[in-house]
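>>> Predicted model, plus sequence, below.
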Amino acid sequence: MGNVFGGGEQSLYLSNGGTEVFIDVLMLAVSDLADDVWDYRFAALLTLQDQNVMGRGAVGFDLRDIAWGTTPRARARSKDFVLRATALALSCHRWSELGYDPARARDFLYQFKAMVESFVPADDAHVVGDFPGPDERAMASCSQHRILSALPHWEGCFLCTKPGRS
């Protein structure tokens, strides 16, 4: 069982362990770069990929289901944020805090980066998927780990919800 992250014509299929690694390293970068409502909405989407909360093999998203923005400028800005976060994650940003070696993380991130770079967001704002709305954005930050989370809905960030961690 695994999870699929789609991007139009392309997709990234990851095992459950691969999904955990991919989301963990991307969430560390997103948490440190987010500074706009859209960024926090994207962070909320990533929190929904926490398999320790949502269930193993039950996560994933498609880039087509993200509300990238209603204007060309907004869509470009949103896409740029995802690419900057991916680049920061590729620099091994905060990986030492994970408590494990994120094997294959770079491979997953490079595949995701290529997928996002080639993806052309739709011109309209109509989204079919479950992209979190402005009121559902991840504004809370875990005080222990400095990671955006779905607090107060969940008890903590992805490091807090990992079995065997606190």
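Looks like it arrived, so ask away.
>>> Please, which helix or strand holds Leu12?
strand 10-15 (DSSP states H and E).
>>> how about that strand as PDB, C-alpha atoms only?
Extracted in PDB, the C-alpha atoms of strand 10-15 (Å, rounded to 0.1, in the frame of the first residue of the first chain):
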ATOM      1  CA  GLN A  10       2.900  13.100 -13.800                       C
ATOM      2  CA  SER A  11       2.600  11.400 -10.400                       C
ATOM      3  CA  LEU A  12       4.800  10.500  -7.500                       C
ATOM      4  CA  TYR A  13       3.900   7.100  -6.000                       C
ATOM      5  CA  LEU A  14       5.500   6.600  -2.500                       C
ATOM      6  CA  SER A  15       5.400   3.800  -0.100                       C
END
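>>> Tell me which other helices or strands it touches.
Judged by 3 or more Cβ pairs under 8 Å, 6 or more residues apart in numbering; DSSP states H and E, the packing partners of strand 10-15 are strand 2-7, helix 105-118. Yep, even glycine has a C-beta here, placed from its N, CA and C like the rest.
>>> what's the most buried one of these?
strand 2-7 (a mean of 18; mean count of other Cβ atoms under 10 Å).
>>> Can I get that strand in CSV? Just the C-alpha atoms.
Taking Å, rounded to 0.1, in the frame of the first residue of the first chain, the C-alpha atoms of strand 2-7 are listed here in CSV:
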residue,chain,number,x,y,z
GLY,A,2,1.2,3.5,-0.7
ASN,A,3,0.2,7.0,-1.6
VAL,A,4,0.0,9.1,-4.8
PHE,A,5,0.9,12.7,-5.2
GLY,A,6,-0.2,13.8,-8.6
GLY,A,7,0.7,16.7,-10.9
